[in-house]
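> got a sequence here, can you build the structure:
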Amino acid sequence: MTTRPILELRARMRRDLRELFDAAGFVEVDTPVLAAEVLPEAHIEPIAVSLSGGGPPRYLQASPEALMKRLLARGAGPIYQFAHAFRAGERGRQHDLEFMLLEWYAPATTLDDVAPFLERLCRVALGTSGIDRLDCGEAFQVHAGVALRSASAEDLEGAVHRAGIPLPEGGAALPAGERWDRGFELLLATVVQPRLGHERPAMLEAWPAPQAAFARLDPHDPALARRFELFVRGVELANGWEEETSREVLETRIAAGNSLRAAAGRAVLPVPRRLLEAHGAAMPAGSGVALGFDRLVMLAAGVDSIDAVRGFSSETG
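All right, here's what the predicted structure looks like:
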């Protein structure tokens, strides 16, 4: 695509999506790109910025999540944002150091509310109809031959080997929990994901508790998390969950993420005190979703690279 059609497509899709969110009662917000805190995650590397006047670094935000949640705790209600996000070391056909997220949060909602809204969003943006809600464990059983509930790290690694996927070096020395997570993520990315979302968008739900991130656990089955990922034509388009609102649980998960970072030789990130204070005060229950806007435009344009639907990449900007 040439430059003008790309710009027109992106502008039209943003306009159409704003109409969708505005009609649903959301308010568009604009949070800082550069902030004092970042939400520590084991496998996401933020970009730190040193200020010329000295003092602690600021962070280009890998997601507006922490700042949007602080607005939620102040009574913002349903909110959405088109946000520039930054992640070090990410580059590929569907990844870049800087990219655009469409992220939204809605108090007093569950995944049963998220699913029909995602169906409408994909219908507006991609012309699809319907949405498949799939159980994560069933998808792994069907496509990878693995029973997630009973699978050990060795079982997952065996499935990885049968699929012809090389395991990263040094994995044998990892703790069993980290080996389990690695096997799960490899099978998801290379075996399960490519098979999802070809007839209609697929919402993969009921994730194993070790993969909860910042989702709450299912109160009826704490072995599972109320988390999902959305796939369209084998592309991961969005992820989200019903939010964990407990400050204590969030602190525990942040500490666990920093422990994994330290074990992998990555920098331990500062604890986001302002976010934790918001969680301890008035964080409402609800759901949140982060959607890759560049990938959405890529799918709408029928191409396989986000570079084809942006005016600039990290190399050309």
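
> need the pLDDT of the residue nearest to Tyr105 when sequence neighbours are not counted.
Sequence neighbours aside, Gly288 is the residue nearest to Tyr105 in space, at 4.4 Å (criterion: CB to CB, 6 or more residues apart in numbering). To be clear about C-beta, it is placed using only N, CA and C from the backbone, and glycine gets the same treatment. Confidence at Gly288, expressed as pLDDT, is 98.

> okay, now Gly288: neighbour count?
24 (other CB atoms under 10 Å).

> who does the host helix or strand of it pair up with?
Taking DSSP states H and E as the definition, Gly288 sits inside strand 286-292. Strand pairing for strand 286-292, determined by DSSP bridges: strand 98-107 (antiparallel), strand 235-242 (antiparallel).

> show me the contacts for the residue nearest to Tyr105.
By CB atoms under 8 Å, 6 or more residues apart in numbering, the contact list for Gly288 reads Glu65, Met68, Lys69, Glu103, Trp104, Tyr105, Ala106, Gly240, Trp241, Glu243.

> with those in mind, which one is nearest to Ala115?
Gly240 (10.6 Å; CB to CB).

> grab the nearest non-local neighbour of the closest one.
Val289 (3.5 Å).

> beta partners for that neighbour?
Trp104, Gly240.

> hmm, who's touching whatever helix or strand Phe228 lives in?
Using DSSP H and E, Phe228 falls within strand 221-232. Strand 221-232 is contacted by residues 110-111, 114, 118, 122, 126, 128, 149, 193, 196-197, 201-209, 211-213, 215-218, 236-242, 291, 299 when judged by CB under 8 Å, 6+ apart.

> whichever of these end up buried, select them in PyMOL.
Here is the PyMOL command that selects the buried residues among those (16 or more other CB atoms under 10 Å):
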select buried, resi 111+114+118+122+126+128+193+196+197+201+202+203+204+205+206+207+208+211+212+213+215+216+217+218+236+237+238+239+240+241+242+291+299
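
> so which of the contacts of strand 221-232 sit within helices?
Cross-referencing those against helices under DSSP state H gives Leu111, Val114, Leu118, Cys122, Leu126, Leu299.

> could you dump those to CSV with pLDDT?
What follows is the ones in helices among the contacts of strand 221-232, written out as CSV (pLDDT from 0 to 100):
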residue, pLDDT
Leu111, 98
Val114, 99
Leu118, 99
Cys122, 99
Leu126, 98
Leu299, 98
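
> any chance of the residues you listed in JSON lines, with distance to Val268 too?
Output for these, formatted as JSON lines (distance: CB to CB, whole Å):
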{"residue": "Leu111", "distance to Val268": "32"}
{"residue": "Val114", "distance to Val268": "33"}
{"residue": "Leu118", "distance to Val268": "35"}
{"residue": "Cys122", "distance to Val268": "38"}
{"residue": "Leu126", "distance to Val268": "40"}
{"residue": "Leu299", "distance to Val268": "37"}
